[in-house]
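**Student:** Structure for the following, please:
(one chain, ligands or ions: 1)
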Amino acid sequence: MTAMQPTSVRMSCRIHVHEDVSWKPSRATEETRMSHSYQVIFENNREWAEHKKELDPDYFRRLSRSQNPSYLYIGCSDSRVAVEELMGLEPGEVFVHRNVANLVIGMDLNVSSTIEYAVSHLKVKHIIICGHYNCGGIRAAMLPQDHGLMNPWLRNIRDVYRLHKDELDAIEDEHQRYDRLVELNVQEQCINVIKMDCVQARYVADGYPIVHGWVFNLRNGRLIDLDIDFAHLMDDIQKIYDITDSHWVVNQRKVG
Ligand SMILES: [Zn+2]
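**Tutor:** Just a heads-up that it's a prediction; the model follows:
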């Protein structure tokens with residue numbers, strides 16, 4: 001989440017090894033865009049669809065048949081984080097859920113049903129929780145302010161702060177503390193994913209999904225894999241949260 005920016009439309013076609021032509025809005029579209037016209041979205045969309053068909057006449061027929069993504073991406077709603085673009089993936093390759101500050105809350109039917117569908121039906125192999133530096137949701141939770149309807153949502157981030165209070169309070173630099181809370185929030189949301197029954201059941205059955213914690217660095221455009229030590233984390237929490245009645249080890253296949 002961040003402060004509202006003037007509406008703009010950015011659609012671009014990623015360059016692939018089998019494609020030597022990239023799509024860009026026409027000059028006329030560029031000029032129209034400057035007027036912030038709502039209609040420009042449909043003009044851009046028409047150009048994009050035509051470009052896709054020029055490259056591959058069968059593209060939309062194939063796309064409409066089914067989806068078979070390997071990844072479930074759970075990230076922040078922030079408009080600066082362009083999911084498929086920064087991952088270099090095409091439509092159909094990543095199942096996406098976004099909310100303010102990339103939270104996975106057990107009582108949130110929205111994220112819970114998304115994970116259930118992705119894990120049990122789409123059979124994704126990887127679940128990615130991706131936070132980002134300069135996250136307005138994290139920042140808001142760090143401030144002693146009343147955010148109205150957002151308060152119950154932001155309270156989940158404040159809970160993360162409370163869990164890691166000693167480490168965070170020991171960081172003197174405010175910006176570094178802010179960055180660290182972004183990372184710790186990702187870690188806690190990964191743990192929340194692992195707590196879910198559908199995730200544990202599938203993991204015991206076939207060793208998937210594997211859960212990853214990432215941060216997108218808006219300052220340089222790079223993704224950071226936090227390399228969260230889930231085996232260690234699970235040693236701490238498995239006794240409480242394991243609901244499979246099996247001994248299982250995170251990021252390894254079932255062991256008994
Ligand atoms: Zn954010």
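**Student:** What's opposite the residue nearest to the spatial centre of the chain in the beta bridge?
**Tutor:** Geometric centre of the chain, nearest residue: G75, 2.4 Å, by C-alpha atoms, centre = their mean. Taking DSSP bridges as the rule, G75 bridges to R98, C130.
**Student:** gap between it and K165?
**Tutor:** From G75 across to K165, the span is 25 Å (C-beta to C-beta, to the nearest Å). Every residue, glycine included, has its C-beta placed from N, CA and C.
**Student:** same thing with S66?
**Tutor:** S66 is 47 Å from K165, where distance means C-beta to C-beta.
**Student:** And P144, by the same measure?
**Tutor:** Distance, P144 to K165, by C-beta to C-beta: 15 Å.
**Student:** try L223
**Tutor:** 28 Å.
**Student:** So between the two, which is more surrounded?
**Tutor:** L223 (13 against 10; other C-beta atoms under 10 Å).
**Student:** Any chance you could list what contacts whatever helix or strand that one lives in?
**Tutor:** Per DSSP states H and E, L223 falls inside strand 222-225. Here strand 222-225 makes contact (C-beta atoms under 8 Å, 6 or more residues apart in numbering) with 86-87, 130, 212-217.
**Student:** Go through those and flag which are in strands.
**Tutor:** If you go by DSSP state E, these have 130, 212-217 in strands.
**Student:** Poorly predicted segments of the chain, please.
**Tutor:** For the chain, applying pLDDT under 70 flags the ranges 1-36, 230-237, 245-256.
**Student:** Okay, strands next: where are they in it?
**Tutor:** Counting by DSSP E, the strands of the chain are 71-76, 94-99, 126-132, 210-217, 222-225.
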